[in-house]
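> the following comprises the amino acid sequence and a computationally predicted model.
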Amino acid sequence: QQQQQQQGGPPLRAPPSRPPPRPLTARPPTIYLEAGPALQSAAARTHDSTTTDEEPEAEAEAEGEGEGDDASSHGSWFDDESDDDGEDASMQSGPLVPPESPAKSELEDNSTKRRLQIAELLSTEETYYEKLLAVRDVFLPELEPIFLENKAAQLLVLLGKLKDIIPFHTEFLAALRPVVAAWTDASCVGPVFRAHCERLPKPYAMYATNFDAGLAELTDLLKRPNFTQTLRELEARYSATRPAPQTLSALLLEPIQRNPRYLLLIQGYLKRTPKDHPDVPAATEGLRAAEKTGEHINEQIRSKENHLKLLELEPMIDAFVQNKVLVQTAEMQKMCRRGLQPRFIALFTDELLCCEIKKTIISTQYTAKHRLNIPSEIESVRAVDAVTAGADYAFGIVSRKVKSIVLVAKNKEEQTTWIKMLNKLLGKSVTADDNGEVVQIGLSAPVWIPDAGVSMCMICTKEFNVIRRRHHCRGCGKVVCGPCSIQQISLQYLGGKKGRVCTECYDTVLSQASGHSAAPAEHEWKRRPTMRPSRVASAAGGILCSGYLNKRGRTLGAWNRRFYTLDNTLKLNAYRAPEDPQVYGEPLQLSSEFRVGPPTKQDNLEREHVFKLSHKSRDYFFACDTQEQCDGWIDTLTEALAVPSGPALGTLAEDEEDC
């Protein structure tokens, strides 16, 4: 190399070194089972045949190794390629072996997986059994005196139920180990597993029902330093010989998780077992027994929770609730004659209780005002529009008894949930938005419109006052005056008794009975003609938005509360009450010349949640109850005014009350 450098040529390069050998990778552990006599004899025959065939191959390998040593002594850089050629040559020179059929390979693969699945069942069962014994023999002798001293009754009951479980698994392991030890492709584990699972529902259900209470007491004891130190020492002593640390809480959770693992293991076993195998029927029955065990455990847990809820509810309610199954409870608003009132609703599988709430400093008491039997006294359950109920998320319970009720939920989700639950108990599949059902008059109790929902008779439109009082029609629930409800008819939901109905219901019943339209009744002359626009005519195009608004009058600081609706014709209609049949005053016809938005500082408004409708001739100010309602009105009006409308333009009538 020095001579080459002196001559000016490039330096010589050393030959490339051989790549280092690959590191050995660790193989996954293999689970071995003790083979039976059949497997041992088959293995012996396989060993004899392989040794005789491998003798000449061993000699050839020895010769090849010698040749390889000679080749390596020459320092060749192509040893790897020569080895590959040698392998190809040996494969070409050897006898041709027919390829193994895919069906046979798949059967052998399933047989191996089936054997490993049973090995996993035995391995996990032994681990689980060892943990049960650890709780009984390691933890319980040291901790039982502490539990007795602290009166941890539920925890002692839980540990007692755990000790009752151990004998079942002792017998199961004693029957399972011989089957696995002598395992062959024809072995059956289904009968053993079936007999074991058929005995589990009762002890495991008793353990599961006491688990939450026992674990709660253990959590309370862990707040005491002395007990915590003692328990940690026991856990450290037990975990010293284990691959991972173990806690008493985790050990107590093992029985809760064991039955679901049984289901997974036996499902995997059946998946890898041929359908014509004799073990399939028994293993399938064992799987069903494990599923029944899970269902029984869940049913017992639900029964225990229901019992605890009834014990908590019984002192607060003046109704007999023992031996009932509680489905759901909630506090809602009920639509009453004097507006929305808070109510406590308790739903059982056979009854619905609507209770009045009486809260004191000491306690809360519920007085049952409505008791509706399910399903004999409930006709249907459906959503109620916000205009009728005076609030969003309302639903009505149509009763065959004296009176139907309307409840207002807190949100849309709660409304939908209650409608589905009630219809499920009634055996009906009605959606939450199904409110177009036609109810025959007198068949079921109507939903009464609250007194505050109307300011005039819904038939003749005469305004109510001290002399003209409100009456509810027992046929449709409308609020009418005395002259418009002088008729009485027999109502089926009242047991055939006669009830007071409005003139419209009376005419409808007469027309249904006669089969043709009835002649005008004698009470027609009492109806007063009116020049006010009809509510039906004004809402013919549909309602875009509705709700209570406070409109500022001409007098400074005067705000008048009315119920407003905005229809598709861009008419803003005012009503004294949500269910009034006639518009109060002249509607305000909106157009693209109007602008909507929040008020400015120059308007000098002291109220909150206000929006302004601006026109070149005048500004209109409306105040909402919440900012959410205010934003909703602004968005709806902005979208509606963006669409071109007719040239008609009007103003809201301003009478002495300044509507």
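Yes, it's here. Note that the structure is a prediction, hence the values are computed from the model and not measured.

> stretch 305-319 spans what distance, first to last residue?
20 Å (C-alpha to C-alpha, to the nearest Å).

> give me the contacts around it.
Residues from elsewhere that reach stretch 305-319 (C-beta atoms under 8 Å, 6 or more residues apart in numbering): 321-322, 324-326, 329, 346, 353, 355, 363-368, 371. Placement of C-beta: from N, CA and C, glycine included.

> rerun that using 6 Å as the cut-off
Val321, Val325, Leu326, Gln365, Tyr366, Thr367, Ala368 (C-beta atoms under 6 Å, 6 or more residues apart in numbering).

> and it, what's buried?
Applying a neighbour-count criterion of 16 or more other C-beta atoms under 10 Å, one finds Asn306, Leu310, Leu313, Ile317 buried in stretch 305-319.

> how far off centre is that stretch?
24 Å (C-alpha atoms, centre = their mean, to the nearest Å).

> over to stretch 476-490 now: how far is its first residue from its last?
For stretch 476-490, the first-to-last residue distance is 14 Å (C-alpha to C-alpha).

> buried ones in it?
In stretch 476-490, counting by 16+ other C-beta under 10 Å, buried: Cys476, Gly477, Lys478, Val479, Val480, Cys481, Pro483, Cys484, Ser485, Ile486, Gln487, Ile489.

> of those, which is the nearest to Glu233?
For the buried residues of stretch 476-490, the closest approach to Glu233 (C-beta to C-beta) belongs to Gly477, at 71.9 Å.

> pretty sure that closest one is touching Val447, no?
Yes. With contacts counted by C-beta atoms under 6 Å, Gly477 reaches Val447, the gap being 5.1 Å.

> overlap in contacts, those two.
By C-beta under 6 Å, 6+ apart, no residue touches both Gly477 and Val447.

> just for the stretch 501-650 of the chain, where's the confidence low?
Scanning the stretch 501-650 of the chain for pLDDT under 70 picks out 513-541, 554-557, 643-650.

> show me where it has helices.
503-514, 535-538, 627-641 (DSSP state H, counting those that start in this stretch).

> what does the last one contact?
Outside of helix 627-641, the residues within contact range by C-beta under 6 Å, 6+ apart are Leu544, Cys545, Leu570, Phe594, Val596, His609, Phe611, Cys624.

> can I get it in PDB? Just the C-alpha atoms.
Coordinates of each C-alpha in helix 627-641 appear next as PDB, following Å, rounded to 0.1, in the frame of the first residue of the first chain:
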ATOM      1  CA  GLN A 627     -80.600  34.700  26.700                       C
ATOM      2  CA  GLU A 628     -81.000  31.400  25.000                       C
ATOM      3  CA  GLN A 629     -84.600  32.300  24.000                       C
ATOM      4  CA  CYS A 630     -83.400  35.700  22.900                       C
ATOM      5  CA  ASP A 631     -80.800  34.200  20.600                       C
ATOM      6  CA  GLY A 632     -83.300  31.800  19.200                       C
ATOM      7  CA  TRP A 633     -85.700  34.600  18.300                       C
ATOM      8  CA  ILE A 634     -82.900  36.700  16.700                       C
ATOM      9  CA  ASP A 635     -81.700  33.700  14.600                       C
ATOM     10  CA  THR A 636     -85.200  32.800  13.400                       C
ATOM     11  CA  LEU A 637     -86.200  36.400  12.600                       C
ATOM     12  CA  THR A 638     -82.900  37.000  10.800                       C
ATOM     13  CA  GLU A 639     -83.400  33.900   8.600                       C
ATOM     14  CA  ALA A 640     -87.000  34.700   7.900                       C
ATOM     15  CA  LEU A 641     -86.400  38.400   7.000                       C
END
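
> in that helix, what counts as buried?
For helix 627-641, using 16+ other C-beta under 10 Å, the buried residues are Gln629, Cys630, Trp633, Ile634, Leu637, Ala640, Leu641.

> can you read off the backbone torsions of Gly499?
phi -130, psi 160 (degrees, to the nearest 10).

> buried subset of the contacts of stretch 305-319?
Val321, Leu326, Gln365, Tyr366, Ala368.

> just say helix, strand or coil for the fourth one.
Right, the one you point to is Tyr366. Under DSSP: H, G, I helix; E, B strand; the rest coil, Tyr366 falls in the strand class.

> what does the first one give?
Using three-state DSSP, the three-state assignment for Val321 comes out as coil.

> quick one, phi psi at it?
Backbone torsions for Val321, taken as degrees, to the nearest 10, come to phi -120, psi 10.

> what sits against Lys304?
So Lys304 contacts Thr209 (C-beta under 6 Å, 6+ apart).

> please give the element, helix or strand, for it.
helix 280-313 (DSSP states H and E).

> next one: Gln333
strand 326-336.

> tally of neighbours for the residue nearest to Met335 when sequence neighbours are not counted?
Computed as C-beta to C-beta, 6 or more residues apart in numbering, the closest residue to Met335 that is not its neighbour in sequence is Val406, at 4.0 Å. Each residue near Val406 was counted by other C-beta atoms under 10 Å, and the total is 24.

> surely Val406 is in contact with Val398?
No. Using C-beta under 6 Å, Val406 is not in contact with Val398; the gap is 9.9 Å.

> so for the chain, the centremost residue is which one?
Thr417 (10.0 Å; C-alpha atoms, centre = their mean).

> correct me if wrong, but it is in a strand.
No. Going by three-state DSSP, the assignment for Thr417 is helix, not a strand.

> do you know how far it is from Ala330?
Applying C-beta to C-beta, to the nearest Å, the value for Thr417 to Ala330 is 9 Å.

> now Asp385
Counting by C-beta to C-beta, the gap from Asp385 to Ala330 is 21 Å.

> which of the two has more neighbours?
Legend: neighbour count by other C-beta under 10 Å for Asp385 and Ala330, higher for Ala330 (15 against 12).

> state the helix or strand in which the closest residue in space to that one that isn't next to it in sequence lies.
Spatial nearest neighbour of Ala330, chain neighbours left out: Ile345 (5.4 Å); criterion: C-beta to C-beta, 6+ apart. According to DSSP H and E, Ile345 maps onto strand 339-348.

> and that strand, what's buried?
Result for strand 339-348 [16+ other C-beta under 10 Å]: buried residues Leu340, Arg343, Phe344, Ile345, Ala346, Leu347, Phe348.
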